[in-house]
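> have a look at this fold, sequence not included:
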């Protein structure tokens, strides 16, 4: 049996999960590769912190990256740190030393994925990152090795577990956004500063990675139009339910003759759609190809073992490639593709507007929509008091820019107290 | 750009789909491989039949397999015929001639998958068969190249579109089994002789293939305990709905310390489970691994383009391997694993029993369950007339053999008119 030594950069939840899962499944993994895998070194920040951790004695802990990069025994480096810039430096250093890299770090891949892939090929090493999107769900490799016979025109993902947990619990238990967020923080599902999740940035990084691979493009996190779930209230959820929709934070990438469009935003999605039934902290990715039609991949998008499952399958792939002496040989094709201006993207919208309960209000509102060429599909006046009314509208598919403009003008009407929400309806 | 000539064995729906999808996506496919793909020859049965078909003039049609096997230009043979034995002979002949094979033929793979894989490796050629299970859904390759870091203990599939279409329509439209089957036949969704689908044999072949790969075993179609949907009535569907379940034909493979168990049977599955929401002709495969947890793959399980998508991704993989000179190099590991006696498999059951409406009947039935150590979870007497009553029971998880024995003994009671149905409840 052959032998491969690997190193880990980082030993948080995911790093420990990799150590544990490799120990648990060693015989099964090694038999498939005819290769024994040893974790030789782990880079950590603080030695004291890891003394309590139940790590095998055979693993050398170090706070110096140089201990790893200069160890010629180590053929594969697994990067499971958080940051983008230090991680990128480490990955580049590994490539230069002829070490293949497996990364679970979406920040690095979303920002530097294509340049790093190019560099890995120049150095004849592998760069794999299945765990960077949707944890354990196989999506990166299926995208480039199973759906590669398709022209992919749409990828829709529920890619952030925290926000899906919040929205699912608001829906199922009738709680407010604030209450569920607090609960999620108490349970450790959401971070003390939840911005990265609830504002959609985490999902944006993941959809940039998927669009890069699926569309053979080179887009980054900065190309995604991002909107979070902070403004979703129990009223929006209830109205959605009544109208036959679920509210989800969707990451959407589409490709047409006009170019690529990338966005993350809350959306109404028909209840019977498979994505509407993805609840709790689960993730799902719905892909449409011109051959395969619609396919969906579903599973746990985070967690120590699910993420370790993806990382170890990457490590296994690298070892397979090493044994066949074909690392760095996978061709990635990409093109410069124009981005569609987000204000041109069309969708039906759900709108909730708080107005004075007075004659002429509906007429003023309807007038503005008419001037912007927007058709009203349905309009219901709700929760009326003597002074205030809530108007819930569904408008036909309209360009985002026109909708934003109409809403902006409405806020100028004296009878309109506020635009409570404007949420796209995804009709698939 | 390099060049590869391929041949097709068979040109039915799938074969034509491959020709069309390859034409449609040629630039995208060839750019990824830096290789031009030409379909040089197609083996057909009847030349006259194909003259009306809109096939490119550049493809040579032949009724002689020897024209293909003796053409040294042809590196890859795509086998999309129906039969098992002739297909097997052709595949073996290809291997001997150093040609890699891509097959969409579940009959061949379910019966001879492992021997053919071994033979392909002996001849240093590839043997790929993504399309043999669940059409376009990527499942075969993800199973061995993404979930390979896991010990997989359960695979549950909705693997037959015809039966899922029938059950979905019985549920959604309240129709009888016979009426939906007739409709499906009229629309061409079900064959004139639907036995292979409705009796569960088609699903059995597919679960045998998945269990072989997922469990690193060598099971075949003949190891699967099969039960079809022919006895499912509208009453069963309605009772299931009332109790919070959907009725699905499930193909189930489990692996435990006792061995492997393989079965296809109708089942009650909780409505909120992702598999319960797979409707119409869609397929889904739900896999549980000891790292990844639960993952699901969903999509179209049949049809010209979805199947062609899987076949062409296999062809692309073979070309990639050819270009890297590593065909036949993927190691498949398998073990002899004992099969669990199906009569020992435990599950809760839904039972529907038609009895005389007379005193003492419930007591006699309850007595037989008690004697077999079976606990009754709930019992409802339904649809009572003066003379006949329908009893609907849910029993706690019990060994299949004990349940069958109890039901057999009940049919001996004079007050029991018939056992209308016995359906397992899958609680996941």
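Okay, I see it. Bear in mind that the values here come from a model prediction, so they are computed numbers and not experimental data.

> so which bits of the stretch 51-200 of chain A are right by chain B?
Remark: the part of the stretch 51-200 of chain A in contact with chain B comprises A:130, A:136-138, A:141-142, A:145-151, using CB under 8 Å from any CB of the partner chain. Heads up, the C-betas are built off the backbone N, CA and C, glycines and all.

> next, residue A:75: secondary structure please.
For residue A:75, the secondary-structure state derived from DSSP: H, G, I helix; E, B strand; the rest coil is strand.

> just residue A:81 next, same as before
The three-state assignment at residue A:81 reads coil, by three-state DSSP.

> so for it, what's the pLDDT?
On the pLDDT scale, residue A:81 is placed at 92.

> skipping adjacent residues, who's closest to it in space?
Here the nearest residue to residue A:81 in space, its sequence neighbours aside, is residue A:10; by CB to CB, 6 or more residues apart in numbering or on different chains that works out to 3.9 Å.

> now that neighbour: phi and psi?
Here the main-chain torsion angles of residue A:10 (degrees, to the nearest 10) amount to phi 100, psi 140.

> since we're on it, how many residues are nearby?
Neighbour count of residue A:10, defined by other CB atoms under 10 Å in any protein chain shown: 23.

> go on, residue A:40?
Counted with other CB under 10 Å, the burial measure for residue A:40 works out to 18 neighbours.

> ok, now which ones touch the residue nearest to residue A:81?
Residue A:10 sits next to A:42-44, A:79-82 when contact means CB atoms under 8 Å, 6 or more residues apart in numbering or on different chains.

> can you name the residues of the stretch 201-350 of chain A that neighbour chain B?
Proximity of the stretch 201-350 of chain A to chain B is confined to A:216, A:272, A:274, A:277-279, A:289-300, A:303, A:305-306, A:308-310, A:312-313, A:315-317, A:320, A:324, A:326, A:329-331, A:333 under the rule CB under 8 Å from any CB.

> and if we set it to 7 Å?
Residues of the stretch 201-350 of chain A found near chain B (CB under 7 Å from any CB of the partner chain) are A:274, A:277, A:289-300, A:305-306, A:308-309, A:312-313, A:316-317, A:324, A:326, A:329, A:331, A:333.

> restrict these to the buried ones and give me that as a ChimeraX selection.
To isolate the buried subset of these in ChimeraX, counting by 16 or more other CB atoms under 10 Å in any protein chain shown, use the following:
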select /A:274,277,289,290,291,292,293,294,295,296,297,298,299,300,305,306,308,309,312,313,316,317,326
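
> which of the residues of the stretch 201-350 of chain A next to chain B fall in helices?
Applying DSSP state H to those, the entries found in helices are A:305-306, A:308-309, A:312-313, A:316-317.

> any idea which helix or strand comes after the worst-scoring helix or strand of chain A on mean pLDDT?
Among the helical and strand segments of chain A, the one scoring lowest on mean pLDDT, DSSP states H and E is helix A:47-51, with a mean of 81. Using DSSP states H and E, the helix or strand that follows helix A:47-51 towards the C-terminus is strand A:60-62.

> and which of the contacts of residue A:10 is nearest residue B:414?
Within the set of the contacts of residue A:10, residue A:80 lies nearest residue B:414; the separation is 69.0 Å, counting by CB to CB.

> contacts only, for that closest one.
Listed by CB atoms under 7 Å, 6 or more residues apart in numbering or on different chains, the contact partners of residue A:80 are A:8-10, A:14-15, A:104-105.

> what about it, distance to chain B?
When CB to the nearest CB, to the nearest Å is applied, the distance between residue A:80 and chain B equals 15 Å.

> cool, residue A:29 as well?
Separation of residue A:29 from chain B (CB to the nearest CB): 6 Å.

> which residues touch the residue in chain A sticking out farthest from the centre?
Here the centre of chain A is the reference, and by CA atoms, centre = their mean the most remote residue is residue A:359, at 45.6 Å. Going by CB under 7 Å, 6+ apart, residue A:359 touches no other residue.

> and if we set it to 10 Å?
Taking CB atoms under 10 Å, 6 or more residues apart in numbering or on different chains as the criterion, residue A:359 is in contact with residue A:415.

> as JSON lines, the ones in helices among the residues of the stretch 201-350 of chain A next to chain B with pLDDT and distance to residue B:125 would be great.
JSON lines is the format used below for those (pLDDT from 0 to 100; distance: CB to CB, whole Å):
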{"residue": "A:305", "pLDDT": "97", "distance to residue B:125": "37"}
{"residue": "A:306", "pLDDT": "97", "distance to residue B:125": "35"}
{"residue": "A:308", "pLDDT": "98", "distance to residue B:125": "34"}
{"residue": "A:309", "pLDDT": "98", "distance to residue B:125": "31"}
{"residue": "A:312", "pLDDT": "98", "distance to residue B:125": "29"}
{"residue": "A:313", "pLDDT": "98", "distance to residue B:125": "25"}
{"residue": "A:316", "pLDDT": "98", "distance to residue B:125": "23"}
{"residue": "A:317", "pLDDT": "97", "distance to residue B:125": "21"}
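
> how about CSV for these, with distance to residue A:385 added?
Output for these, formatted as CSV (distance: CB to CB, whole Å):
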residue, distance to residue A:385
A:305, 52
A:306, 48
A:308, 54
A:309, 54
A:312, 59
A:313, 58
A:316, 63
A:317, 62
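
> of those residues, closest to residue A:363?
Comparing those against residue A:363 with CB to CB places residue A:306 closest, at 54.0 Å.

> assign a three-state SS to the nearest residue to the closest one once chain neighbours are set aside, would you?
Counting by CB to CB, 6+ apart, residue A:306 lies nearest to residue A:136, which is 3.1 Å off, once chain neighbours are set aside. Following three-state DSSP, residue A:136 is assigned to coil.

> quick check: residue A:136 vs residue A:314, distance?
Distance check for residue A:136 against residue A:314: by CB to CB, to the nearest Å, it reads 12 Å.

> please apply the same query to residue A:20.
Noted for residue A:20: a distance of 17 Å to residue A:314, by CB to CB.

> those two: who's more crowded?
Neighbour totals were compared for residue A:20 and residue A:314, and residue A:314 leads with 29 against 17 (other CB under 10 Å).

> who are the neighbours in contact with the residue nearest to residue A:277 when sequence neighbours are not counted?
Setting aside the residues directly before and after it, residue A:277 is nearest to residue B:277 in space (CB to CB, 6+ apart), at 5.0 Å. The contact partners of residue B:277, taken as CB under 10 Å, 6+ apart, are A:271-274, A:276-278, B:246, B:269, B:271, B:284, B:298.

> can you check residue A:282 too?
When contacts are counted by CB under 10 Å, 6+ apart, residue A:282 is found next to A:134-135, A:137, A:158, A:161, A:164-165, A:168, A:298-302, B:274, B:293-296.

> cutoff 8 Å now
With contacts defined as CB under 8 Å, 6+ apart, residue A:282 is in contact with A:158, A:161, A:164, A:298-301.

> residue A:237 now?
Counting by CB under 8 Å, 6+ apart, residue A:237 makes contact with A:167, A:170-171, A:247.

> farthest-separated two in those?
For the contacts of residue A:237, the maximum inter-member distance is 7.9 Å, found between A:170 and A:247 (CB to CB).

> now the common contact residues for these two.
When CB under 8 Å, 6+ apart defines a contact, the residues bordering residue A:170 and residue A:247 alike are A:232, A:237.

> for the closest residue in space to residue A:326 that isn't next to it in sequence, give me the pLDDT.
Leaving aside its sequence neighbours, residue A:326 sits nearest to residue B:324 (CB to CB, 6+ apart; 5.0 Å). Per-residue pLDDT puts residue B:324 at 95.

> mind checking how far the closest residue to residue A:173 other than its chain neighbours is from residue A:233?
Ranked by CB to CB, 6+ apart and with sequence neighbours excluded, the top spatial neighbour of residue A:173 is residue A:180, at 7.8 Å. From residue A:180 over to residue A:233 the distance is 12 Å, taken as CB to CB.

> more neighbours, these two?
Just comparing residue A:180 and residue A:233: by other CB under 10 Å the higher neighbour count belongs to residue A:180, 21 against 15.

> ok so the more buried one is a helix residue?
Yes - counting by three-state DSSP, residue A:180 falls inside a helix.

> alright, I will stop here.
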